[in-house]
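# A structural model of the following input is requested.
(2 chains)
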Amino acid sequence: MAVTTMIGARIQRREDPKLITGHGNFIDDVNLVNMAHMSVVRSPHAHARIRSIDISAALASKGVVAVLTAADFKAVIGGPLPVTNAFVPDKRQVPEQFPIAADEVAYAGEPVAVVVAEDRYLADDAAQLVMVDYEPLPAVMDIEKAMEPGSPLVKSDRSDNIGWDAAFPGGDIDAAFAEADVVLKQRIGQQRVFPTAMETRGCVADYIPYDNRCTLWTSTQVPHFIRLFVGGALGVPESQFRVVSHDVGGGFGAKLRPYPEEYLATAASKLTERPVKWIEDRTESLQATTQGRGQIFDVEVAAKRDGTLLGLKFTQLLDIGAYHGVFSAFQVVACLLGGGCYTWKAINARSIGVFTNRMSTDPYRGAGRPEATHLVERIVDLVALELGMDPAEVRRKNFITSFPHTNNFGLVYDSGEYAKSLDRAMANIDYPALRKRQEELRAKGRYTGIGFSTYVEICGLGPSSATAPAAGIALVESSMVRVHPAGSVTVSVGTHAHGQGHETTFAQIVADTLGVPYDSVEIRHGDTGDTPFGYGTYGSRSLAVGGMAIMASCHKVVEKAKKLAAHAFEASEEDIVVDQGRYSVRGNPGEAKALAELAFASYGAGLPEGMEHGLEAVSYFDPPNFVWPFGCHICAVEVDPETGAVSIDRYVAVDDCGNVINPMVVDGQLHGGIAQGISQALFEEVQYDDETGQMLTGTMLDYLIPTMAEMPHFELDRTVTPSPTNELGVKGIGEAGTIASSIAVINAITDALTPFGIKHVEMPARPDRLWSMIKEARA
Amino acid sequence: MITAPFEYARPGSVDETQSLLNKYGSDAKVIAGGQSLIPLMRLRLSQPTALIDIQGIPGLNEVRRDNGSVEIGALVRHVDIQRNAMLRESLPILVEMSNDVGDNQVRNLGTIGGVIAHGDAAGDYNAAALMLDAEIITNKRRHQARDFYRDIFTTALEHDEVVTAVRFPVSTGRFAYTKFRRRLYDWAIAGVAVQETGSSWRVGYVNLATTPRRGSAVEAALAGGASAADAAAQSGSDIDPTSDVRATAEYKRHLTQVLTVRTLQKATMAA
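Numbering: from 1, shown residues only, chains lettered A, B, ... in the order given. Now for the predicted structure:
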């Protein structure tokens, strides 16, 4: 029996020395001989008809190689951007989006022309000279007005502004509401936010005409997915299309789709017969990278006087933007998880996707689960307030307690111990003392509040049985484990980290499973040229799905190594014992062979009869179920009633992601995730002018990404409830922090303002808005 | 995020700067630390035909005290102000402000001359110059701060005029500065500076109108013996804020009152 040494070890990330000394290899570090540079001319209008485009001045500008418009690209790009719309069962309208606008633009920032020049400076100068004659059309910005019959259309190819309208019935809702002592209604918003990766998007395309061969370096979470679609549209077979993504400086969901610029740069390379680089600048990024959230929930809850939750009805209005994001419809998962970690007699949800003249929304860290957590945790607090109960008690009373649990929509929660994490968090923050202090301070005119968030989330996307309705997709993951003759190990995977530390954590798993030194294991990802097909990294799936694919290959290697050992020792395979990578015959541990010795033998002469040479394996893993991390976050705030300023005094988190491979990596994921949720609660908000559709937060001066100075100290703790879904017993932790944190902050602020009769606070809780609410409440 | 093309010159003297400004005309810009100009140029909101970089001119980075005044050269950087022991004695409110300007990178490069010439209502030093009756010295004349700030990003500077120094009266009375921000490195949503001068109080407002503002009505009320709260209630006539992505105008008016009281309290309690 092997003694685990690396799994669970708090070791430093092997990625970091390179990254923190400036030796990372990001997209702008890729420079090719004879490379030209692309600048994208974008629509300044939210909605307009293009009357004409005059490229003559731009063409004559210094250093210009080509100026290209839709007509040029139509000759080489074979189709529209993909949309995975099949998550939505009902009414669908899926208009096509070609990577560049031809005669009508539908959001400010939509590409209308491309300049290729000798350097980016010259390309930008020439881009300024492309003269586009626009006829402005009405911009549709308000989700609810867009739904009205007779609303102006977002684009003339639509029948109306509805992208989908899907019902999710989960039990007899009328019966549940009939039992109610109290029924409460609340509208809850989810403002649009920028994913704001530190490294913006970018790509370098190198098309070789004579071989019809192409390499595309791009900053992405999903290299194989990019190859499938961009290669397909350009008519380059996958065998000749290589997508390479080295270090990626953050994605947060906004780099998990093929984007127009990847098609345009590749096509521009084909048309100019030059390698073409495009680096998204920050202004472009704010306009033309997919955004998160952008939703309104109208919620109604039914409960008994004793705090028992009965029924939940809600409608999700989702601002799709002008075109569907590739995975925008995935965000309806908020409907399926709107019940949170509680038992309900019935839940009835509806999701309406609405087009507006904005950039598309698409998954952003948590993608539907932060929205679900926010709405249910807000509603539970409203119930507690209405009934005069402690918010912790209402939660405890309604927790799901037995597992596996099938929720109202048939999803099966694998394991959980919700009361345990609540208890732990309450103990860590010393809840009774905090309540006592709140009372004392209120008497002095100071307003503190305590906010709970007990969350459960779905991750590990995903079992093919669940994802198959989406165009037959099976979100499996892959690995190839190759033991070289001298014993070092190369592991190639289909996932692709963009900050998660996979090179460290995956190597920890392999070191233990094969019984080889950690330093002898190399993890390769991000290059379709030397990794097996995989769906990439998002949805907290890389460990629970990708990690299991690695385990599967390691097991195959061990099986073969046992055969090699049996042959070497002239023993029967059943008598071979494996202990931390040492293979021996039962009862004779002194005479053992290391895996490296067996690997060397596997490439040499004298193999067992019928055995192939080499020691390697390829595996694909299709998980039997999703995995369900959970936890409890408690936030303590103080609100200055004179200025509306919020300060976070304490932030306690108890998370449960099953077994932990590397506690330091888990803590790091939580730090970043919690920060992003706090940021949505207090700071971030994409603002557009409602009339013109112009973005008002078009620079990082006006869009508030908080700094370390605005963050509280995170007091982290864990419970460990292994997942029964996979051999490692792991869940996922990439998104949990974001899923839990926004509502912990908002519930705390609301709690602080209860003496004013304030029951609900929207995000972001800007000082001026809180002050207005307090002023109105006082009046 | 790439500037439009421009020519670049690096004069060795103020006279040379003036002749270069005359040569390139009104589309040329003087650059020192570049912490305001470069971001505008990167967004192509400003497209000067030429940049005249005055950072190589000797003698503009000195701080001197004489006859009850301190003269601060145009090229003195925020970080120099932060670290200057004499200023800490003679003009502590400016040191206090310098600690809260931008982040380390901005403070290491940005200059006081740049803040003054840019005339930004959000530039903290502009409110100090106004409230303390500073003198702005250029290659051509001396401006009184009260006549200097004309409109949004518009000062009394002519196109061939370059700020060489700012002269403040030594101000050693009680003082405080409050910069209300949502994020540490931001401009003020509202900034309030107070300085005791002899037996009276000076009040300055940052980013609460198109230009820096002096709290004249508040000062008068204080001089008349009003309480901090009653005086602060007069601030409405001293400012003219607008709504923006950060906050509404109504809120800024209210906030100014609150901060005026708190800043006066901070100044008097600190003493």
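# direction included, what does the strand or helix carrying B:Arg65 pair against?
Following DSSP states H and E, one finds B:Arg65 within strand B:63-66. Sheet pairing here is set by DSSP bridges, and for strand B:63-66 it gives strand B:69-73 (antiparallel).
# could you list the domains of the chain?
By default, I'm working from chain A. Chain A breaks down by automatic domain parsing into domains covering A:33-383, A:414-459+A:626-778, A:462-621.
# not what I meant, chain B
Following automatic domain parsing, chain B resolves into domains at B:7-56, B:63-169, B:175-270.
# turn these into TSV, including mean neighbour count and mean pLDDT.
Backbone N, C-alpha and C define where each C-beta goes, glycine included. Shown next, in TSV, are these (neighbours: other Cβ atoms under 10 Å in any protein chain shown; pLDDT from 0 to 100):
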stretch	mean neighbour count	mean pLDDT
domain B:7-56	17	96
domain B:63-169	20	97
domain B:175-270	20	96
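# what's the closest of the ones you listed to A:Leu336?
When the domains of chain B are compared by Cβ to Cβ, domain B:175-270 sits nearest A:Leu336, at 34.6 Å.
# ok, the closest residue to chain A within the stretch 1-150 of chain B - how many residues close by?
Chain A sits closest to B:Met1 of the stretch 1-150 of chain B, with a gap of 3.7 Å, by Cβ to the nearest Cβ. Neighbour count for B:Met1, taken as other Cβ atoms under 10 Å in any protein chain shown: 18.
# could you do A:Val33 as well?
Residues near A:Val33, counting by other Cβ under 10 Å: 6.
# look up how far chain B lies from it.
Distance, A:Val33 to chain B, by Cβ to the nearest Cβ, to the nearest Å: 23 Å.
# and that residue, what is it in contact with?
Shown in contact with A:Val33 (Cβ atoms under 8 Å, 6 or more residues apart in numbering or on different chains): A:Pro275.
# who in chain A is up against chain B?
Within chain A, the positions adjacent to chain B are A:120-121, A:124-125, A:128, A:281-283, A:642-645, A:682-683, A:687, A:696-697, A:699, A:701-702, A:704, A:706-707, A:709-710, A:766-768, A:771-772 by Cβ under 8 Å from any Cβ of the partner chain.
# among the residues you listed, which ones are in helices?
The members of these that map onto helices under DSSP state H are A:120-121, A:124-125, A:282-283, A:682, A:767-768, A:771-772.
# if you rank those residues by neighbours, which is first?
Taking other Cβ under 10 Å as the neighbour criterion, A:Leu682 ranks highest of those with 26 neighbours.
# quick check: that residue touching A:Val761?
No - in this structure A:Leu682 lies outside contact range of A:Val761 using Cβ atoms under 8 Å: 10.7 Å.
# related to what we said a few turns ago, which of the ones in helices among the residues of chain A next to chain B lies closest to chain B?
Lowest distance from chain B to these (Cβ to the nearest Cβ) belongs to A:Asp768, with 3.6 Å.
# what sits against the residue lying closest to the closest one once chain neighbours are set aside?
Spatial nearest neighbour of A:Asp768, excluding adjacent residues (Cβ to Cβ, 6 or more residues apart in numbering or on different chains): B:Tyr251 at 3.6 Å. Residues near B:Tyr251 by Cβ under 8 Å, 6+ apart: A:644, A:767-768, A:771-772.
# leaving out chain neighbours, which residue sits closest to residue 170?
Picking chain A for this. Nearest non-adjacent residue to A:Gly170, counting by Cβ to Cβ, 6+ apart: A:Asn408, 3.2 Å away.
# my bad, the chain I had in mind was chain B
Nearest residue to B:Val170 in three dimensions, chain neighbours excluded: B:Ser90, at 4.6 Å (Cβ to Cβ, 6+ apart).
# and A:Met773, by the same measure?
With Cβ to Cβ, 6+ apart, the residue lying closest to A:Met773 is A:Ile758, at 5.7 Å.
# who's A:Ile53 bridged to?
With DSSP bridges as the rule, A:Ile53 is bridged to A:Val132.
# surely it touches A:Val130?
Yes - using Cβ under 8 Å, A:Ile53 is in contact with A:Val130, at 6.7 Å.
# tell me where the stretch 151-271 of chain B has strands.
Under the criterion DSSP state E, counting those that start in this stretch, the stretch 151-271 of chain B contains strands at B:154-155, B:163-169, B:175-180, B:190-197, B:200-206, B:213-214.
# got the angle for the fourth one vs strand B:163-169?
Angle, strand B:190-197 to strand B:163-169, by axes from the mean of the first three to the mean of the last three Cα atoms, to 10 degrees: 50 degrees.
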